[in-house]
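**Q** Got a predicted model here, sequence first, then my questions.
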Amino acid sequence: WSTSATLWNALIAYSNLTSDTQFNDVVASAMYAQVGESDAYMPANQTKTLGNGNQTQWGLAALSASELGFPKEEDGKPGWLYLARNVFDVQTLRWNDSTCRGGLRDAIFTFNNDYNQMSSSTASSFFLLSSRLYKTTSNETYREWAEKQYTAATDNGLVGDNGTIVDYLDIEEDGCTLRKNEGATSESLGHWLEGAAVLFNATDGNQTWSTRVSNMKTGISAFTSLNGNNIDTD
C-alpha cells in the first residue's frame, strides 16, 4: 500500500516534468480511492496493517499533486493540499512526548504489528511532510513540528552525528533500545536530507539547517562503496 503511494507520487512528478498526461486519470482515481472516510488516507481496507509511515507516503503524494498543480482534482472531492494537511493533523494527535523522547510509533493501532516500535522511516516521512507543508503554506506550525521531529530523532538516537541513521527503536517497559546493528535504509536518509534542504531553502539559508544538510550529505557515504558504486537502494 505504501509502495503504491510512492508510485502515484512518481507519476505525478512524471506528468509535470514531461507534460505526458496519459496516466493522470488513473493516478487521480487511485489517489481518491484510498482517502477513507476521514479524508486522511485511512481506508477501511488497510486497517489491519495501517502504519504512520504508510499513511505519510500518501500525504506526500497528495502534497506533490498540490505543489505541482496536478490537474485532476475531481468535482466534489477534497483538494490535494487539504488531504495532505489532514494526514499531518491526525498524525500530530498520535504524537507522544513521553515515549522515547517523543515521536510516532510505526503502527497506529495496538493490535497492529510494530506498535512497540519507532523507526527512522516513519520519523523522516513525518519530518518531510511537515517541512514541505511549511514551504508550501508558510504556516509556522509546520516548521515547529518539523523541528520537533528532528530534535526528537537526535535525542532518541534515530539520527546521530555526521548524518548517521539508525532505522529502528524498540519501545520497552523500561525504556527504548536502538537496533544499531541493523543500520538504516537510504530511503530514510533521503527523507531527512530532503526535509532539511527544504527548510534551509524555506528559511532563507538558516545556518542550523545548513549544518544539518551537510551532516546528512556526509551520511550518504554509508550507502556507497569507496569507488562510488554498489549503492544500497533498499
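**A** Looks like it came in fine. Residues are numbered from 1 along each chain as shown.
**Q** Near T122, how many other residues are there?
**A** Look at T122: counted by other C-beta atoms under 10 Å, it has 29 neighbours. In short, each C-beta sits where N, CA and C put it, glycine included.
**Q** er, A33 I mean
**A** That count, for A33 with other C-beta under 10 Å as the rule, works out to 10.
**Q** how far away is the closest residue to it other than its chain neighbours from L128?
**A** Excluding the flanking residues, the one nearest A33 by C-beta to C-beta, 6 or more residues apart in numbering is P43, at 7.8 Å. Separation of P43 from L128 (C-beta to C-beta, to the nearest Å): 22 Å.
**Q** Look at the two and report which has more neighbours.
**A** Neighbours were counted for P43 and for L128 using other C-beta under 10 Å; L128 has more, 24 against 17.
**Q** what helices or strands is the strand or helix carrying the more buried one leaning on?
**A** If you go by DSSP states H and E, L128 is part of helix 120-137. For helix 120-137, the contact count by 3 or more C-beta pairs under 8 Å, 6 or more residues apart in numbering; DSSP states H and E identifies helix 52-67, helix 80-94, helix 140-156, helix 186-202 as packing neighbours.
**Q** Could you rerun that using 6 Å?
**A** helix 52-67, helix 140-156, helix 186-202 (3 or more C-beta pairs under 6 Å, 6 or more residues apart in numbering; DSSP states H and E).
**Q** which of the residues in the helix or strand of the chain with the lowest mean pLDDT are buried?
**A** Confidence across the helices and strands of the chain bottoms out at strand 175-178, with a mean of 86, counting by mean pLDDT, DSSP states H and E. For strand 175-178, a neighbour-count test (16 or more other C-beta atoms under 10 Å) marks C176, L178 as buried.
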